[in-house]
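> Turn this into a structure:
(one chain, ligands or ions: 1)
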Amino acid sequence: MKYETVIGLETHVELNTKSKIFCACGGHGASEEPNDCVCPACCGMPGMLPVTNKRVIELAVTAGLMLNCDISRYTTFDKKNYYYPDLPCAYQITQLNHPICTNGLVSIKSEEGNRDIRIKQIHMEEDAGKLIHEGKYSLVDFNRTSVPLIEVVTQPDFRSPQEVMNYLNKLKSMFRSGGISECENGAMRCDVNISVRPEGTEELGVRSEIKNMSSFESIEKAIYYEIQRHIDALEYDLEELVQETRRFDEKTGKTFAMRDKETAADYRYFPDPNLMPILIDDEWLEQIMANKPVAVDERIDYYRESGISEEEITVLISSQTATKLLEEVVAAGCDARETVKWILIEAVGVLRKGGKGLDDLQISAEDLSAIIKMVTESKINRNSGKAALAALIEEGISPEEYIKSAGIDRKLDSSDILAVVQKVISDNQDIVEAYKSGKTKAFQALLGACMRELKGAGNPGVIKEMLEKNL
Ligand SMILES: [Zn+2]
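Residues are numbered from 1 along each chain as shown. Alright, predicted model coming up:
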């Protein structure tokens, strides 16, 4: 029998805010030192009162706009009661009754072309702390307690592990480019709901939920494992499938049962009496919309039209730094494809040498466009352009300053180049002879001599052409 897999996802994303969701402690990644970002409020001390971080609402709404959701103008927080050592209040503040965003839609690539995945809702909540197990002891770090999260819940619309991966990659790119979350270092975690049914049937099979995975590799492996486990159970009657929560063990590559699946009633949700409902009026919504980053789909279309490759697009849209710089440099009159090469190949090359990545790139669009223009207008050659870029990234030297100090600040016309070409030919008669007797390598030697003489100025294509003619 053939089977169909049905998957729904709950993706937790830690928001890129300076402070926590209900207190002024530092947010995600604010300190490496355990229990450094903790106060009476996020520790659940008696008498503490939460105050909602306005930025959390704005980022959640932005995420909703990017995923084509309806934005709730009236949104409230609820308490979800359960005890866990890293949850000092013994409840989590989350949203059950009036989540901030509902009914979204996101288009993803699938084996049969593009498909729409429905977003059931996005709600805001606080993260729990972290437990560190060391031998006999377990330690608790409250830094992460109360860091703001959004949880993006999809309908069970995925039919293959590949679709899930495409969705997660897209979500990550969107949220990174929108400044919503870095989506790295555990800031993006996923629960996968999965069931299997005979192909052509409507009724959903028994569902298992695999909890709390942060690496995309684990998510993919866990889904493949779980699909096979379900099919084996149905096909060979190996085990009885029950609705339950499971965990994925990275070492064994298997999932194992953690607990029976709990329901909302088990948590005794109730409206948080300490937090006022939030009203999002037209003015505030318009403000958020005005600051909303260009939707990823629009941006991708624009990049494709500009002739940028799919591979480059994937890297670009996951970096807010790169997209912003690219758009400003293009606005300054440079070619999009050329600019992408300067950012993704040349600049990244310099950054890598210093052990840094694309997001560490801190150069102005003005300086980068100056370099690109000097190269495309043949005022300097590409190698000098690269050296100017390295000086800019590594030492903050402006391109104009660099070109001047390196002695390549002169405008060349073809008569300058011709003079150099003629000089090189007359100075290197032996190499010229070798070239004429058929040694093609000799040409490179002559070309190199011209470039050295020109100190990096002049367009290599022009120099080459002139050398060929004169030989
Ligand atoms: Zn705090």
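> care to break the protein down by domain?
Structural domains annotated on the chain: 3-282, 296-405, 414-470, as defined by automatic domain parsing.
> what's the spacing between the last one and its chain's center?
Translated: domain 414-470. Chain-centre distance of domain 414-470: 47 Å, with CA atoms, centre = their mean, to the nearest Å.
> quick one: which of the domains of the chain is nearest the ion?
For the ion, the closest of the domains of the chain is domain 3-282, at 3.2 Å, according to CB to the ion. Where C-beta positions appear, they are placed from N, C-alpha and C, glycine not excepted.
> So Gly178 is in contact with Pro293, correct?
Yes. At 4.4 Å, Gly178 counts as touching Pro293 under the criterion of CB atoms under 8 Å.
> Show me the common contact partners of those two, please.
62, 66, 320 (CB atoms under 8 Å, 6 or more residues apart in numbering).
> residues touching the nearest residue in space to the second one that is not next to it in sequence, list them.
Looking back up the chat, that one is Met66. Distances taken as CB to CB, 6 or more residues apart in numbering put Met174 closest to Met66, at 5.4 Å, once the chain neighbours are dropped. When contacts are counted by CB under 8 Å, 6+ apart, Met174 touches 66-67, 180, 296, 317.
> Okay, now the unreliable bits of the stretch 151-300 of the chain?
261, 295 (pLDDT under 70).
> Could I get the full set of strands for it?
Taking DSSP state E, counting those that start in this stretch as the criterion, the stretch 151-300 of the chain carries its strands at 188-198, 208-213, 244-249, 254-260, 270-271, 278-279.
> mind checking which of these is nearest Leu392?
The closest of those to Leu392 is strand 188-198. By CB to CB, the value is 32.8 Å.
> rewinding a little: Gly178 and Pro293: which is more packed in?
Each of Gly178 and Pro293 has its neighbours counted (other CB atoms under 10 Å); Gly178 has more, 23 against 18.
> For that one, give me phi and psi.
phi -90, psi 0 (degrees, to the nearest 10).
> Roughly how far does it sit from Met66?
Going from Gly178 to Met66 by CB to CB, to the nearest Å gives 6 Å.
> so what's in contact with these two at the same time?
Residues touching both Gly178 and Met66 by CB under 8 Å, 6+ apart: 292-293, 296.
> between those, which is closest to Ser215?
Comparing those against Ser215 with CB to CB picks out Val296 as the nearest, at 22.5 Å.
> Would you check that that closest one makes contact with Lys170?
Yes. Val296 lies in contact with Lys170 (CB under 8 Å); the separation is 7.1 Å.
> Show me which residues of the protein sit near the ion.
Proximity of the chain to the ion (CB under 5 Å from the ion) is limited to residues 23, 25, 39, 41-42.
> From these, keep the buried residues only.
For the residues of the chain next to the ion, a burial check counting by 16 or more other CB atoms under 10 Å picks out 23, 25, 41-42.
> Helices along the stretch 101-250 of the chain, start to end?
Secondary structure of the stretch 101-250 of the chain by DSSP state H, counting those that start in this stretch: the helices cover 161-177, 216-236.
> Please name every helix or strand in contact with the longest one.
Using 3 or more CB pairs under 8 Å, 6 or more residues apart in numbering; DSSP states H and E as the contact definition, the elements that helix 216-236 packs against are strand 3-14, helix 161-177, strand 188-198, strand 208-213, strand 244-249, strand 254-260.
> Describe which strands the fifth one pairs with in its sheet and in which direction.
When you say that, I think you mean strand 244-249. According to DSSP bridges, strand 244-249 forms sheet pairs with strand 208-213 (parallel), strand 254-260 (antiparallel).
> Adding mean neighbour count, write those out as CSV.
CSV is the format used below for the strands paired with strand 244-249 (neighbours: other CB atoms under 10 Å):
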stretch, mean neighbour count
strand 208-213, 20
strand 254-260, 13
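> Any chance of TSV for those, columns distance to Glu327?
Compiled in TSV, these are given as follows (distance: least, CB to CB, whole Å):
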stretch	distance to Glu327
strand 208-213	34
strand 254-260	43
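> Out of the ones you listed, the one nearest Tyr74 is which?
strand 208-213 (29.7 Å).
> In stretch 160-173, which residues are buried?
160-161, 163-168, 170-173.
> what's the answer for stretch 285-303, then?
Of the residues in stretch 285-303, 288, 293, 295-296, 299-300, 303 count as buried by neighbour count, 16+ other CB under 10 Å.
> Ok, stretch 349-360 next?
Buried residues in stretch 349-360, counting neighbours by 16+ other CB under 10 Å, are found at 350-351, 358.
> Met451 is nearest to which of the strands of the stretch 151-300 of the chain?
The nearest among the strands of the stretch 151-300 of the chain, by CB to CB, is strand 188-198 at 48.0 Å.
> residues in contact with Gly104?
Gly104 touches 64, 67-70, 118-119, 122, counting by CB under 8 Å, 6+ apart.
> Helices along the stretch 351-471 of the chain, start to end?
Going by DSSP H, counting those that start in this stretch, the stretch 351-471 of the chain shows helices at 365-376, 382-395, 399-405, 414-427, 429-436, 441-453, 460-470.
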